[in-house]
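Visitor: Give me coordinates for this.
(2 chains)
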Number of protein chains: 2
Amino acid sequence: MASTANGSGWEEIAEAMQRHRADTIAAVEPTVPETPTELPLNVTGIPKELLSEGVLTITETPTERLVSQLATQKLTSTQVMKAFIQRAGLASKLVNCCTELLPERALERAKYLDDYIAEKKSPVGPLHGIPISVKEHIGMKGLDLNAGFVAWVGNIAPDDAIILKLLYKAGAVFYARTTEPQTLMHLETSNNIYGVTVNPYNTKLTPGGSSGGEGALLGMRGSCLGIGSDIGGSIRSPSANNGLFGLRPTAFRLPFAGWEGTMLGNESIIPVIGPLSTSLEGVKLFMKSILDQKPWIIDPSLVPMPWQTKSQLRQDANGKKKLRVGVLADDGIVRPHPPILRGINSIIEKLRSHSDIEVVDFPPYKSDEAWRIIASLYFGDGGSEEKEVLERSGEPWRPMSNFIIKENPYVKALTVPELWDLTIQREGYKAAYATHWNSVGTDFPGPDDYTSTFPGALLEGAEDKTVDVLLCPVGPGCAPPLDCARYWSYTAQWNLLDYPALVFPTGLQCSSEDQVDADYKPRNEKDEYNYKLYDPKTYIDAPISLQLVGRRYHDEMVVEPLEMIIQAVGLPFQQSP
Amino acid sequence: MASTANGSGWEEIAEAMQRHRADTIAAVEPTVPETPTELPLNVTGIPKELLSEGVLTITETPTERLVSQLATQKLTSTQVMKAFIQRAGLASKLVNCCTELLPERALERAKYLDDYIAEKKSPVGPLHGIPISVKEHIGMKGLDLNAGFVAWVGNIAPDDAIILKLLYKAGAVFYARTTEPQTLMHLETSNNIYGVTVNPYNTKLTPGGSSGGEGALLGMRGSCLGIGSDIGGSIRSPSANNGLFGLRPTAFRLPFAGWEGTMLGNESIIPVIGPLSTSLEGVKLFMKSILDQKPWIIDPSLVPMPWQTKSQLRQDANGKKKLRVGVLADDGIVRPHPPILRGINSIIEKLRSHSDIEVVDFPPYKSDEAWRIIASLYFGDGGSEEKEVLERSGEPWRPMSNFIIKENPYVKALTVPELWDLTIQREGYKAAYATHWNSVGTDFPGPDDYTSTFPGALLEGAEDKTVDVLLCPVGPGCAPPLDCARYWSYTAQWNLLDYPALVFPTGLQCSSEDQVDADYKPRNEKDEYNYKLYDPKTYIDAPISLQLVGRRYHDEMVVEPLEMIIQAVGLPFQQSP
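Guide: Residues are numbered from 1 along each chain as shown, chains lettered A, B, ... in the order given. Just a heads-up that it's a prediction; the model follows:
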């Protein structure tokens, strides 16, 4: 299927792709049920009405338990696969989250795994039989690879992306490919091939993006573990909006070779690949299964850091694990909506009474400048590649593409010296932020400015004195209404710094108790836009999620602290009715 | 001291800087001896004629032994400092290797260290009292920081570079600053401030560059440990040309914040900082003393990898350490001169008879393409920054600046999309080279091409099956005659790939036994240029050095294999008379 040369006909291409998708869903057995004509805003309860008990049980089992049940042959890979692919088909009908299902290859693979374990009495690898959903722009051999552009429909992946090969080797089964937005540069998910993906908890809201198909599919429990990618929040916004765990790892820990997108040679802000899961163990399994295979031996862009399973937490003299959590509830530019602040406060309150966890106020550091730098570095060609690809098919610009490229005051075709200058600013900001981090809760001075890349003084024992992790929002609110995800800083900040960031659900959801603060005076235009968006009725049922951020390359040191926090405060919280 | 605005007067600036240097040498006590009016080509023997036995003994003690003698108070830091600074002064008179000496601050620091150890009975740190020489463009608080440009004379460093702070904390004493070439982009050392630095073993030859002041000073034993920087061979060419150990570490293991140069925001090819030493232990001490301080806590550009002291070598079932060495004697483009081939053959011959070391032929992989890519990425602005800085003072272009910028066919002001395209080529080449490496001595297929960044298949157990390290030349000959270092590929190849590369002396020197191969038919223009340069008389006494290269980030896995090789073959070889 090729795009047309004269710019007409993009609608036909999209229709054909949608037909293909419908065909793949229709091929699923047992049949994917028809959806009711009248649907509630919150469709997460629909599967319970339409799917069998067995399917529901399997698809609501946490990833790590599926691993053990598969490895001990309590479940077959075929059983697991059939359950997930049926639920995925239903999910896609409800929230438009898949680009295609792969029943034939998935069941063939499942059969191979079942035969293998029957014969060898041991699993193929640590992910034996685990279904993994995959964002469309991560190439799968022989399948379309369009990255959300109509013009790229018909581009066939010559091989599986490296990450898929590694997961496959570990035992995974690929069965669903998921939607992404035009340009891959929205915190929402809408394109001209498949339309708009919506949030299962409230279909008037976005599931987030750009890995929004993953987010919505996992939110519907049509997947327990999925692969997303993130350059400004694209793993984390869907994780947050759908009540999931999602990790943006430090760059160059996981291999991304074999994916498709614009700006592939742009290394000013490094995009990453990472997991979304219904459980924290799913995130760990993903990381460990890949890193245990030493992917750096074949992909020299990677840093050879195995996944640490040894505890990284500080311990006191008695061997007790200690954690110091910085809390950044508000970035000083755009104040988060009441549900987010409720979520943070619920956690802090409980953390404060815990003897091994210290809570420290973590002031923001120039997040508007961070946004200026990152937004200037995203499209160093002025967005010319995106413009060219969109013009080629004649497809219209989606609102969020317009927002991030055409309406973005920082998008400009740079000269190489301008690019170098912005790179120095980026490094300067990174150095200043490290100084800032090291100053929190200590006597060390904060940064003067970020105009120099010079980190300044040596700080004796800084690592042990300052905060271990940072607790903060994932965005200025829960999942926003469609076409309104315009404030990226709560996630993009950590892309600029290349810090690992882990999203987790609090278990709470936006409700009528989260009233508008009628007396609030917005600080600026962005704050006003965000303030005006909010009404508890608009956001009803949206999951309240938060983010834990660590030092660069210290990915294990966000996962382990989250485990400690979950234990300490008893997550997920039960929402009061 | 400021440069002139109208482009005249650069000679006066240079003279003033030279006078300042002469004054700092004159301030050394005991006095630096006058040099004889008639000098041999090889001036490495001159110190023996002019310096005291005590000074000679101290300055010819290996770094690691100085460490223990200082830590046990067998030597005072003042004694050590006085010896090295006197010899450095003499060295600079003979080979023009220093930009200034720092007798006052060095002796003050030495006194502090002596008082400290006298009182506390323990050293300040692992480098207590060790003199370290520093390439000029690495900033020292309050001192000139011109990076070899006349226009930048008078630029005063606001602070010490981070690496100096770390070394200082470990106990180092800074006493000598060393020369570098105009633009820092020569494999030689000549600028318009201080003139030309020459090779102690043969003053008609270059000491290499750009850390050529370091190389010549260490070659004269006016230093035992020095700091250089490397983006195309700048640590390794001076190490090789002066018979030293020198490590180009993987990028972002050591901090470079606080140095000066052009193109600071250019991250297409990452420059690195690293040690040159008269001993291999000196190199290790340098790396470990810095990395033990966890510099990544203050400098987030760094990868948090401690220096591994645990053996990284493969072991057989009996715990015997095993090593597989690939040998790349000739890159297929420019054949190394006879002395280099003799050096390699001398080592291979002995390695082949060693039961725990396997020698494997390692074919070259498109090193001309590697050069095209790296040479295109060095000056993405078309060299406009260098041109501007040179024009500002009116200083003339040195021949090697001309060569690398004006005569270089790959230098071109790039657009950002062109830069991205070259970046994709660079990553493609890196992926292909990893495939190539993994194919050497195994059944794994080599790369098809390097037009894709896709690393291809997973290779089961590749790490254990292929070569551990690669033995190769450091250049297409020993130290070349002045203004003739025009072939960078033997070093720049590893900058492109960002592989750690360790230079070591064989103990051999170019002699009359290394006759011209009169029958050789050059392969191309570059090969012909190199072939015609060679005559044993021209290169007489030049040290024969080689390079050991490892996988990216596996810096420890070049150091430890070299230790095994040194033991196995008995380096340094004794040159036959």
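
Visitor: So which residues of the stretch 401-550 of chain A form helices?
Guide: With helices called from DSSP state H, counting those that start in this stretch, the stretch 401-550 of chain A shows them at A:416-439, A:462-465, A:489-497, A:525-533.

Visitor: do the stretch 51-200 of chain A as well
Guide: Using DSSP H, counting those that start in this stretch, helices in the stretch 51-200 of chain A cover A:53-59, A:63-71, A:77-95, A:103-120, A:162-169.

Visitor: Out of the ones you listed, which gets nearest to chain B?
Guide: helix A:162-169 (5.3 Å; C-beta to the nearest C-beta). To be clear about C-beta, it is placed using only N, CA and C from the backbone, and glycine gets the same treatment.

Visitor: can you list the weak-confidence ranges in the stretch 351-500 of chain A?
Guide: A:452-456 (pLDDT under 70).

Visitor: Near chain B, which residues of it are found?
Guide: Contact residues, the stretch 351-500 of chain A versus chain B (C-beta under 8 Å from any C-beta of the partner chain): A:380-381, A:384-385, A:413-417, A:419-424, A:427, A:430-431, A:433-435, A:438, A:453-459, A:462-463, A:497-498.

Visitor: re earlier: from the helices of the stretch 401-550 of chain A, which stretch is densest packed?
Guide: Most buried of those by mean neighbour count (mean count of other C-beta atoms under 10 Å in any protein chain shown) is helix A:489-497; its value is a mean of 25.

Visitor: and that one, what other elements does it pack with?
Guide: strand A:245-248, helix A:367-378, helix A:416-439, strand A:543-549 (3 or more C-beta pairs under 8 Å, 6 or more residues apart in numbering or on different chains; DSSP states H and E).

Visitor: just how off-centre is the shortest one within its chain?
Guide: For strand A:245-248, the distance from its own C-alpha centre to the chain's C-alpha centre is 6 Å (C-alpha atoms, centre = their mean, to the nearest Å).

Visitor: One more: the second one?
Guide: Here helix A:367-378 shows a centroid-to-chain-centroid distance of 20 Å under the convention C-alpha atoms, centre = their mean.

Visitor: buried stuff in the very next helix or strand once past that helix?
Guide: Using DSSP states H and E, the helix or strand that follows helix A:367-378 towards the C-terminus is helix A:384-393. Buried residues in helix A:384-393, counted by 16 or more other C-beta atoms under 10 Å in any protein chain shown: A:Ser384, A:Glu385, A:Glu386, A:Lys387, A:Val389, A:Leu390, A:Arg392, A:Ser393.

Visitor: And A:Leu302, how far from B:Pro445?
Guide: Separation of A:Leu302 from B:Pro445 (C-beta to C-beta, to the nearest Å): 21 Å.

Visitor: hmm, back to that, most packed of the helices of the stretch 51-200 of chain A?
Guide: Buried most deeply of those, by mean count of other C-beta under 10 Å, is helix A:77-95, with a mean of 26.

Visitor: Can you dump the C-alpha atoms of that helix in CSV for me?
Guide: C-alpha atoms of helix A:77-95 as CSV (Å, rounded to 0.1, in the frame of the first residue of the first chain):
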residue,chain,number,x,y,z
SER,A,77,0.9,-19.9,26.6
THR,A,78,-2.0,-20.6,24.3
GLN,A,79,-4.5,-20.0,27.1
VAL,A,80,-2.8,-16.8,28.1
MET,A,81,-2.5,-15.6,24.5
LYS,A,82,-6.1,-16.3,23.7
ALA,A,83,-7.3,-14.4,26.7
PHE,A,84,-5.2,-11.4,26.1
ILE,A,85,-5.9,-11.2,22.4
GLN,A,86,-9.6,-11.4,22.9
ARG,A,87,-9.5,-8.7,25.5
ALA,A,88,-7.2,-6.6,23.3
GLY,A,89,-9.7,-6.8,20.5
LEU,A,90,-12.5,-5.7,22.7
ALA,A,91,-10.3,-2.9,24.1
SER,A,92,-9.6,-1.6,20.7
LYS,A,93,-13.2,-1.5,19.8
LEU,A,94,-13.9,0.5,22.9
VAL,A,95,-11.0,2.9,23.0
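
Visitor: Pull the contacting residues for the residue nearest the centre of chain A.
Guide: Of all residues in chain A, the one closest to the mean position by C-alpha atoms, centre = their mean is A:Ile235, 1.3 Å from it. Contacts for A:Ile235 (C-beta atoms under 8 Å, 6 or more residues apart in numbering or on different chains) come out as A:Ser211, A:Gly228, A:Ser229, A:Gly246, A:Leu247, A:Arg248, A:Val272, A:Gly274, A:Pro275, A:Leu276, A:Val503.
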